[in-house]
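[1] I'll drop the sequence and a predicted model, then ask my questions.
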Amino acid sequence: MNSKYAPIGVFDSGVGGLTVAKEIMRQLPNERIVYFGDTARVPYGGKSKETITKYTKQIIRFLQTYDVKAIAIACGTVSACSLEEVEKELDIPIIGVLKPGSEVAVDKTKNKRIGVIATESSIHSGMYQKYIQEIDHQIQVFAKACPLFVPLVEEGLWEDPVTTEIARRYLQELKEQDIDTLILGCTHYPLLIKTIGDVMGDDVTLVNLAYETAADLKKLLESRGLLNVAATEDYEVNYRFFVSDVADKFRSFAESILSDVKFSTDTPFITKQINIEAF
Ligand code: DGL
């Protein structure tokens, strides 16, 4: 069993998982994080379950070289396609983003009509429907794959007329279904929250997986006695970021996404490129 001072492993196909990492930094301020973004192989969203699971296992092996005490899968696609398989093989706690997001959506909906937008692989897995209908089988789920959203985010087009136009096309059919709650089922999508919110209108509640996942992670660590409640003198909170392709682009995204986080040190994070195929 790893100590409570060990870091938490967090990963995604790219920058989207930073939305989850940021919430972990906010809600669990004494925790160290080792983040991996698979920038060489992003997007995962159109790949097969087998390929996504193979990548996931490599990333988990890499994170374990840092003796992580728990893993947060900060990727909807991996949570949908590979969590069930990899959790059986792990002896540390691992959490995905789908379950926390689904629970909140069930809590928020009043008319029992929930929309889900996510990658093709996530939607194809049917896991959102499964989690939601396990809680309340009367709820109707309207799912829509939005494959262009991840590349738009990775290109930095978070608020751009092109993104707005694509969002209008993707979201029109969900608007017609009279949903009152929409799960942003991919961790890249909170970066498009303004565009998506403008298109959907004020009557639709948007569910951001990041906040709920960090809250669930906190409960999980607490229940296992692994939560680091207070920093000690010889313990410094640090955040390490690893990517599988050029680090510079990722670093500038990270600086912008994490710009409003208050760090306890002057050099809060380092970013490094590694060869993930070696794991
Ligand atoms: N952030 C990942 C997710 O939540 C993006 C998937 C992709 O790389 O297509 O699904």
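    That came through, no problem.
[2] how about low-confidence regions in the stretch 151-279 of the chain?
    Within the stretch 151-279 of the chain, the ranges that satisfy pLDDT under 70 run 231-233, 263-268.
[3] got the CA coordinates for stretch 116-127 in CSV?
    Output of stretch 116-127 as CSV, limited to C-alpha atoms (Å, rounded to 0.1, in the frame of the first residue of the first chain):
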residue,chain,number,x,y,z
VAL,A,116,-24.7,13.5,-23.4
ILE,A,117,-22.1,14.8,-25.8
ALA,A,118,-18.8,12.9,-26.0
THR,A,119,-16.4,11.2,-28.4
GLU,A,120,-17.6,8.5,-30.8
SER,A,121,-16.0,5.7,-28.8
SER,A,122,-17.6,6.9,-25.5
ILE,A,123,-21.1,7.2,-27.1
HIS,A,124,-20.7,3.9,-28.9
SER,A,125,-19.8,2.2,-25.5
GLY,A,126,-23.3,3.0,-24.2
MET,A,127,-21.8,3.5,-20.7
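[4] neighbouring contacts of that stretch?
    43-49, 52, 76-77, 79-81, 98, 105, 128-129, 141-147, 149-150, 170-171, 174, 182-186, 189, 196 (CB atoms under 8 Å, 6 or more residues apart in numbering). For every residue, glycine as well, the C-beta is placed using N, CA and C.
[5] now the helices for the stretch 51-200 of the chain?
    Ranges of helices in the stretch 51-200 of the chain, per DSSP state H, counting those that start in this stretch, are 76-81, 83-89, 98-108, 120-125, 127-135, 149-154, 161-176, 193-200.
[6] Please identify the residues of this protein in proximity to the ligand?
    Counting by CB under 6 Å from any ligand atom, the positions of the chain adjacent to the ligand are 12-14, 16, 42-45, 75-77, 119, 122, 150, 186-188.
[7] Tell me which residues touch the residue nearest the centre of the chain, please.
    The residue lying closest to the centre of the chain (CA atoms, centre = their mean) is A74, at 2.9 Å. A74 is in contact with 10-12, 16-21, 35, 97, 187, 210, 213, counting by CB under 8 Å, 6+ apart.
[8] again, but for I60
    So I60 contacts 9, 71, 86, 90 (CB under 8 Å, 6+ apart).
[9] next one: I92
    Taking CB under 8 Å, 6+ apart, one finds 2, 68-71 in contact with I92.
[10] now, among these, which is nearest to the ligand?
    I71 (15.0 Å; CB to the nearest ligand atom).
[11] Many thanks, have a good one.
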